[in-house]
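model the structure of this input:
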Amino acid sequence: MRDTVPTRYWHATGDDRVVCDLCPRACELGEGQPGLCFVRRNEGGAVVLTTYGRSSGFCIDPIEKKPLAHFYPGSAVLSFGTAGCNLTCRFCQNWDISKSREMDRLADIATPEAIADAAVRHGCRSVACTYNDPVIFHEYAIDVAQACAERGVRCVAVTAGYVNPEPRAEFYRHMHAANVDLKAFTDTFYRRLCSARLDVVKDTLRYIARETKVWLEITTLLIPGENDSETEIDAMTRWIAEELGVAVPLHLTAFHPDYRMTELPPTSLATLRHARAIALANGLRYVYTGNVSDTEGQGTVCHSCGALLIGRDGYVLTAWGLDTQGCCASCGASCAGHFDAAPGSWGARRLPVRI
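Residues are numbered from 1 along each chain as shown. A predicted model of the protein is given here:
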């Protein structure tokens, strides 16, 4: 299987250079030159993807790890990624993969059909394009999603949402769920720490929530002194409630020092709990704390009667209060999301696999 394939989101400039139109960076590339993502390159006057069918590894995870709290809870998901990224986040928690320019680390080779077959073989409810952003391996991710759909397996994306409208529409036609990193709620943060723009991500979130049937959840990594102020959290959660809807789950997760931001302390549990309280006060129904031990902040509660619908201790389900229709067993109120008649039982296991 070739690892270099043609792409179609690009245009020629007329001076032997091409511009990649996949994301707003619009990298202008000379012959042989890669874009900032490092995996899309000008080859013979056209942009090609250089990592098709090559992965940094495959692992079966709990779906809660993505994190997706309302998409078949307790189920197993086959996770994979490639290398590279189209953002430059100084705080990247997967920097060894997303910042990698070493194609040799992509040791696992698999066709989309092989990935889908492996998901079926291992009893996975879904396949996740994760570890690095599937935006940059657009063609591979879509082919994997199509192969999965043919076998009754869902496909989910873990992404920063930094993509242009046309490829975005094609991409989400094939996805069943997405967790989008809303990294902060100021353009200053995005420009200074990610070399990106907030409005692009907001547009992606609006698009998914309003114009697709894709199940959407959001993650914000709270970084001490950077994006964790009451003012910013209040503005962000009000915007989510008003623009996307109060039923969109929000995961507020703890930062740990890594990559190029090792001088900051980890996020405190108190900060996460305070941010969660602000989000709930602004009307969001499902707000979770992550990367910490906090059973109260990780449980799903009925927005109508307050009953515990899904208890969690990390990635392990500890209680189930939904009926077979995904409604509160106590009062009958509907819980937003996608649920099987009974919860999955994968637990917190992490199982590396070869395809």
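
off-centre distance for the longest strand along the chain?
Ranked by number of residues, the top strand in the chain under DSSP state E is strand 215-222. Relative to its chain's centre, strand 215-222 lies at 8 Å (Cα atoms, centre = their mean, to the nearest Å).

what's the pLDDT at the residue lying closest to A307 once chain neighbours are set aside?
Leaving out its chain neighbours, the residue that sits closest to A307 by Cβ to Cβ, 6 or more residues apart in numbering is S330, at 4.1 Å. Just so you know, the C-beta spots here come from the backbone N, C-alpha and C atoms, and that holds for glycine as well. With respect to pLDDT, S330 scores 98.

helix, strand or coil: sort out S330 for me.
coil (DSSP: H, G, I helix; E, B strand; the rest coil).

hang on, the earlier thing: give me the sheet partners of the longest strand of the chain and which way each runs.
strand 177-181 (parallel), strand 250-254 (parallel) (DSSP bridges).

how about the strands in the stretch 201-350 of the chain?
215-222, 250-254, 287-290, 300-301, 308-313, 316-320 (DSSP state E, counting those that start in this stretch).

got CSV for these, with mean pLDDT, mean neighbour count and distance to T51 too?
Shown next, in CSV, are the strands of the stretch 201-350 of the chain (pLDDT from 0 to 100; neighbours: other Cβ atoms under 10 Å; distance: least, Cβ to Cβ, whole Å):
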stretch, mean pLDDT, mean neighbour count, distance to T51
strand 215-222, 98, 23, 24
strand 250-254, 97, 23, 27
strand 287-290, 98, 22, 28
strand 300-301, 98, 22, 36
strand 308-313, 97, 20, 34
strand 316-320, 97, 16, 34
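
show me the strands in the stretch 1-150 of the chain, by range?
Going by DSSP E, counting those that start in this stretch, the stretch 1-150 of the chain shows strands at 5-6, 10-12, 18-20, 28-29, 40-42, 47-49, 54-55, 57-62, 76-81, 108-109, 126-129.

which of the ones you listed has the lowest mean pLDDT?
When I compare the strands of the stretch 1-150 of the chain, strand 108-109 is least confident, with a mean of 78.

which among the strands of the stretch 201-350 of the chain is found nearest to A277?
Among the strands of the stretch 201-350 of the chain, strand 287-290 comes nearest to A277, with 8.7 Å by Cβ to Cβ.

what stretches of this protein score poorly on pLDDT?
For the chain, applying pLDDT under 70 flags the ranges 1-2, 94-107.

ok, and the closest non-adjacent residue to the residue nearest to the spatial centre of it?
The chain has V158 as the residue nearest its centroid, 1.7 Å off, counting by Cα atoms, centre = their mean. Spatial nearest neighbour of V158, excluding adjacent residues (Cβ to Cβ, 6+ apart): T130 at 3.9 Å.

hang on, isn't that neighbour packed against K66?
Yes - judged on Cβ atoms under 8 Å, T130 makes contact with K66 at a distance of 6.4 Å.

identify the contacts common to those two.
S79, V156, V158 (Cβ atoms under 8 Å, 6 or more residues apart in numbering).

now, which of these sits nearest C85?
The nearest one, if we look at those relative to C85 and count by Cβ to Cβ, is V158, at 12.0 Å.

for the helix or strand encompassing the closest one, packing partners?
Per DSSP states H and E, V158 falls inside strand 154-159. When contacts are defined as 3 or more Cβ pairs under 8 Å, 6 or more residues apart in numbering; DSSP states H and E, strand 154-159 sits against strand 126-129, helix 138-150, strand 177-181.

how does it look with 10 Å?
Other helices and strands packing on strand 154-159, by 3 or more Cβ pairs under 10 Å, 6 or more residues apart in numbering; DSSP states H and E, are strand 76-81, helix 112-121, strand 126-129, helix 138-150, helix 165-172, strand 177-181, helix 198-211, strand 215-222.

tell me the buried residues in the third one?
It stands for strand 126-129. Of all the residues in strand 126-129, those buried under the rule 16 or more other Cβ atoms under 10 Å are S126, V127, A128, C129.
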